[in-house]
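Chemist: structure for this input, please:
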Amino acid sequence: MPLGQLPVLEVDGVKIPQSLAIARFLAKQFHLAGKDNMEQAQADAVVDTIADVTAKFIPIMFEQDPDKKKLLEEKFQNEELPKLLNQLESLMKAFGNGGPYFVDNNLTWADLHFYNTSQSMLLRYPNILDKYPSLKCNRDQVEANSNVANYLKSRPQTQ
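Modeler: All right, here's what the predicted structure looks like:
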């Protein structure tokens, strides 16, 4: 393991660490990164914004002190999450060509990454997308994709 931690993807004897590097590599392999450099940069911008959401969410999951956890959770839910979800809606409007996807009205790894990340948050905060119709529509479109739908039927349930 290159960094002594998971995940690691091995391709042709080369080990690739870090989840976003792996996801980006696979997105390119499966033509989900964007059609050109501009679309790839746009998808990356969306994914980086989602990473900002995750960076704010993870400490809540691991906080042991109930009082600190409550404060972190309130700040996240009332301040940080709305700001980041507004940013994601803005990116969708800027890059999505009026469609339900983040980049040029085509499914990219940014949509899949948002679906996966938001799934975890929806388990904890079921109504977080109520004020974000574009993001809700994006999730619905991703879930309706036949390949994604088939995968979701067989995927093990996790937190």
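Chemist: doesn't Leu72 belong to a strand?
Modeler: No - Leu72 is assigned helix when assessed by DSSP: H, G, I helix; E, B strand; the rest coil, not a strand.
Chemist: grab the nearest non-local neighbour of it.
Modeler: Counting by Cβ to Cβ, 6 or more residues apart in numbering, Ile60 is the residue found nearest to Leu72 once chain neighbours are left out, at 4.8 Å. For every residue, glycine as well, the C-beta is placed using N, CA and C.
Chemist: give me the below-cutoff pLDDT ranges for the protein.
Modeler: 159 (pLDDT under 70).
Chemist: that one: strands as residue ranges?
Modeler: 8-11, 14-17 (DSSP state E).
Chemist: and the last one, how far from the chain's centre?
Modeler: Here the centre of mass of C-alpha atoms in strand 14-17, compared against the chain's by Cα atoms, centre = their mean, to the nearest Å, lies 22 Å away.
Chemist: can you show me the CA trace of that strand as CSV?
Modeler: Coordinates of each C-alpha in strand 14-17 appear next as CSV, following Å, rounded to 0.1, in the frame of the first residue of the first chain:
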residue,chain,number,x,y,z
VAL,A,14,0.7,0.1,-10.4
LYS,A,15,-1.0,0.9,-7.1
ILE,A,16,-3.1,4.1,-7.1
PRO,A,17,-4.0,5.5,-3.6
